[in-house]
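Chemist: just a sequence and a predicted model for now, questions to come.
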Amino acid sequence: MIIKSIHIKEGLYSRFIEFSDNANLIHSKQNSKGKTTLLRFLLYSLGYNIPNTKKIKFERCEVETVIFSEKYGDATLARFNSNSIILSSDSVRQTYVLPEQLQELHGLLFGTDNADVLDNLLGAFYIDQEKGWTLLNRGVAIGSIHFKIEDLIRGLSGIDCSKLIRQEEKLLRELNKYRQMFSVAKYQETIEVDSGSLAVEHYEDRLDADLEQLKIQQNRLKKELKRLDRTIKDNKQFATFIAEMKLLVKGPDGTAIPVTADNIVGFDDNFEYLITKHKLISSELALVLSAIASHEDQMRAENEQMSFWESETMVQAFDRRIAALQINAVPIEKEIRKIESELKAVRQAITENTKANNPVVTSLYRNMVKYASELGVGDEETIAARYLFTSNLRELSGAVLHKTVFAFRLAYIIEIERAIGIKLPLILDSPSGKEVDQENIKLMMNILKRDFSDHQIIIASINMYDFDPLNIIEIINRLIEFE
């Protein structure tokens, strides 16, 4: 991949910069002029979530970068906000929503849909001045973007450990919850429960529960009263209807008798029953409403008391709630040990699947040792293959760590090219570390000139470097200037 140019616009200020296919030096005579900002703009224009620098907010700028990708060809990437990026070429103009569609975009540009590879590319080709020169095989590349050698190796090898990784994530979530439960259980043991300051059954909780039951009862009684009101009304309407019909019935002796509500057998008794039941329900509802009002008064008094005691009462309330929980630390601790054992086994399985008989691991190790040896930080006798996965960086410091990181990154670049056919650019921010002398810098640059001459190299530094040819991008006062 080659970054051909970038156009940055910030309000009335803008800058257009062209890059060489070979070596490029972003140079200023003093620090804090915008060298790191320019590198971060390049990454931002590729869609990455990059943290702002002190003087420039990226989301307030418009950035347009032209690139060439071996897998895609020429393309223009335009980013006018932090939420989307537009990919344009001769035949395509497509908007990608960020970060949701970042992998889809990078899949086109880098020619792979393997998430493990795509997620770890930046940590391979970019070395940030803040943390990059201490990032060996896992950690933060920049901002929230991480790098992990195990993931990269699985992606380059085509190894699928997704089921085991999901199991690992599930166990980690469970373990975190049990550890929190255990902490609560241990805290509970420190609480002194006494009737004067701590009630296990919290009074306010009882009031809440009782009030909820009373309101349920209130709703039931109101519904029953509405039903009785409808029934009584219907009975009255029925009596009126009968009278208006002026119906007659023939008696046993042939006498015609008019039909009214008064001579319908049981009509008055049924009506009186409905009236009596309505009175009883109304009386019961009145009692419930009175009880609700009483509970609400008690709750207001409780709240007033809580506000009076302020922080002291808040602590007491918390202790009462914790004390009310039924938690036993012993079975929780046993469960923690069980999950930790399962997690260890799952991680071991992931490690074995990643490393066992893997030619990518062998190749990475061989190239890393090659460059480490040339830089004077070790050889096959002093660096074992398992050192690729080391987590112990305490023994490395200063120039040794600086050069070891460089050897690792070069090995990553070579292996990525072999696997997916992309020549990644090498973007180095301030390679001349505080404890790295010019002789060591010369060794590093000689390796780049000899083995990576067909890769684009972009370096930001206040120092000059001996490349031929070298495209120098000079920053004098600030990166973006008035148009």
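Modeler: Received, thanks. Not measured: the values here are computed from a predicted model.
Chemist: just after the helix or strand encompassing Val360, pick out the following helix or strand.
Modeler: According to DSSP states H and E, Val360 maps onto helix 359-374. Scanning forward in sequence from helix 359-374 by DSSP H and E, the next helix or strand is helix 398-420.
Chemist: check contacts around the residue nearest the centre of the chain.
Modeler: Nearest to the mean C-alpha position of the chain, by C-alpha atoms, centre = their mean, lies Ser144 at 10.0 Å. Counting by C-beta atoms under 8 Å, 6 or more residues apart in numbering, Ser144 touches Asn49. C-beta: built from backbone N, CA, C; applies to glycine.
Chemist: what's Ile165 sitting at in phi/psi?
Modeler: phi -70, psi -40 (degrees, to the nearest 10).
Chemist: ditto for Gln298
Modeler: phi -60, psi -40.
Chemist: try Gly73
Modeler: phi 100, psi -160.
Chemist: what are the structural domain limits within the chain?
Modeler: Following automatic domain parsing, the chain resolves into domains at 2-159+358-482, 203-313.
Chemist: weakest of those by average pLDDT?
Modeler: Among these, domain 203-313 has the lowest mean pLDDT, at a mean of 74.
Chemist: columns distance to Asn176 on top of the domains of the chain, output as JSON lines?
Modeler: Shown next, in JSON lines, are the domains of the chain (distance: least, C-beta to C-beta, whole Å):
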{"stretch": "domain 2-159+358-482", "distance to Asn176": "19"}
{"stretch": "domain 203-313", "distance to Asn176": "28"}
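Chemist: most tightly packed of the ones you listed?
Modeler: domain 2-159+358-482 (a mean of 18; mean count of other C-beta atoms under 10 Å).
Chemist: tell me how far the residue nearest to the centre of the chain lies from Ile86.
Modeler: 23 Å (C-beta to C-beta, to the nearest Å).
Chemist: returning to that earlier point: so which other helices or strands are in contact with the helix holding Val360?
Modeler: Counting contacts by 3 or more C-beta pairs under 8 Å, 6 or more residues apart in numbering; DSSP states H and E, helix 359-374 is packed against helix 149-157, helix 398-420, helix 438-451.
Chemist: can you put these in a markdown table and add distance to Val66?
Modeler: Output for the helices and strands packed on helix 359-374, formatted as a markdown table (distance: least, C-beta to C-beta, whole Å):
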| stretch | distance to Val66 |
| --- | --- |
| helix 149-157 | 28 |
| helix 398-420 | 22 |
| helix 438-451 | 24 |
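Chemist: quick one: which of those is nearest Glu224?
Modeler: helix 149-157 (65.2 Å; C-beta to C-beta).
Chemist: same for that closest one, what does it pack against?
Modeler: Using 3+ C-beta pairs under 8 Å, 6+ apart, helix 149-157 sits against helix 115-118, helix 329-355, helix 359-374, helix 398-420.
Chemist: can you give me the buried ones in the longest one?
Modeler: The neighbour-count check on helix 329-355 (16 or more other C-beta atoms under 10 Å) flags 329, 332-333, 335-336, 339, 342-343, 346-347, 350, 353-355 as buried.
Chemist: which residues in the stretch 151-300 of the chain form helices?
Modeler: 162-190, 203-245, 267-309 (DSSP state H, counting those that start in this stretch).
Chemist: checking Leu43 next. Helix, strand or coil?
Modeler: Secondary structure, DSSP: H, G, I helix; E, B strand; the rest coil: Leu43 is helix.
Chemist: give the contact list for Ile322.
Modeler: 184, 187-188, 191.
Chemist: relative to Ala385, how far out is it?
Modeler: Distance from Ile322 to Ala385, by C-beta to C-beta: 51 Å.
Chemist: one more: Glu174?
Modeler: 34 Å.
Chemist: try Ala323
Modeler: Taking C-beta to C-beta, one finds Ala323 at 55 Å from Ala385.
Chemist: could you do Asp451 as well?
Modeler: 22 Å.
Chemist: how about Asn49?
Modeler: For Asn49, the distance to Ala385 - C-beta to C-beta - is 34 Å.
Chemist: is the residue lying closest to Tyr126 once chain neighbours are set aside in a bridge, and if so with what?
Modeler: Among residues not flanking Tyr126 along the chain, Ile427 sits closest, at 4.6 Å (C-beta to C-beta, 6 or more residues apart in numbering). In this structure, Ile427 bridges to Tyr126, Ile458 when assessed by DSSP bridges.
Chemist: contact partners for Ile427?
Modeler: Counting by C-beta under 8 Å, 6+ apart, Ile427 has contacts 39, 42-43, 125-127, 458-459.
Chemist: tell me the angle the one helix or strand Gly107 maps to makes with helix 398-420.
Modeler: With elements taken from DSSP H and E, the one containing Gly107 is helix 102-110. Angle, helix 102-110 to helix 398-420, by axes from the mean of the first three to the mean of the last three C-alpha atoms, to 10 degrees: 80 degrees.
Chemist: got the contact list for helix 102-110?
Modeler: By C-beta under 8 Å, 6+ apart, helix 102-110 touches 1, 46-48, 67, 69, 71-72, 75, 85, 87, 96, 113, 115, 117-119, 121, 420, 422.
Chemist: let's go with 7 Å and repeat that
Modeler: 47, 69, 71-72, 85, 87, 96, 113, 115, 118, 121, 420, 422 (C-beta atoms under 7 Å, 6 or more residues apart in numbering).
Chemist: identify those among those that sit within helices.
Modeler: 115, 118, 420 (DSSP state H).
Chemist: hang on, the earlier thing: how close does the residue nearest to Tyr126 sit to Gln298?
Modeler: Taken as C-beta to C-beta, the span from Ile427 to Gln298 is 68 Å.
Chemist: same deal with Lys344?
Modeler: 53 Å.
Chemist: picking that back up, ok, so of the buried residues of helix 329-355, who is nearest Lys226?
Modeler: Of the buried residues of helix 329-355, the one sitting nearest to Lys226 (C-beta to C-beta) turns out to be Ile332, at 51.3 Å.
Chemist: the nearest residue to that closest one once chain neighbours are set aside: what's it in contact with?
Modeler: Distances taken as C-beta to C-beta, 6+ apart put Phe182 closest to Ile332, at 4.8 Å, once the chain neighbours are dropped. Phe182 makes contacts with 329, 332-333, 336, as judged by C-beta under 7 Å, 6+ apart.
Chemist: how about Glu70?
Modeler: 1, 421-423.
Chemist: which members of those residues are the farthest-apart pair?
Modeler: Among the contacts of Glu70, Met1 and Gly421 lie farthest apart (C-beta to C-beta), at 10.9 Å.
Chemist: grab the nearest non-local neighbour of Asp208.
Modeler: Met299 (7.8 Å).
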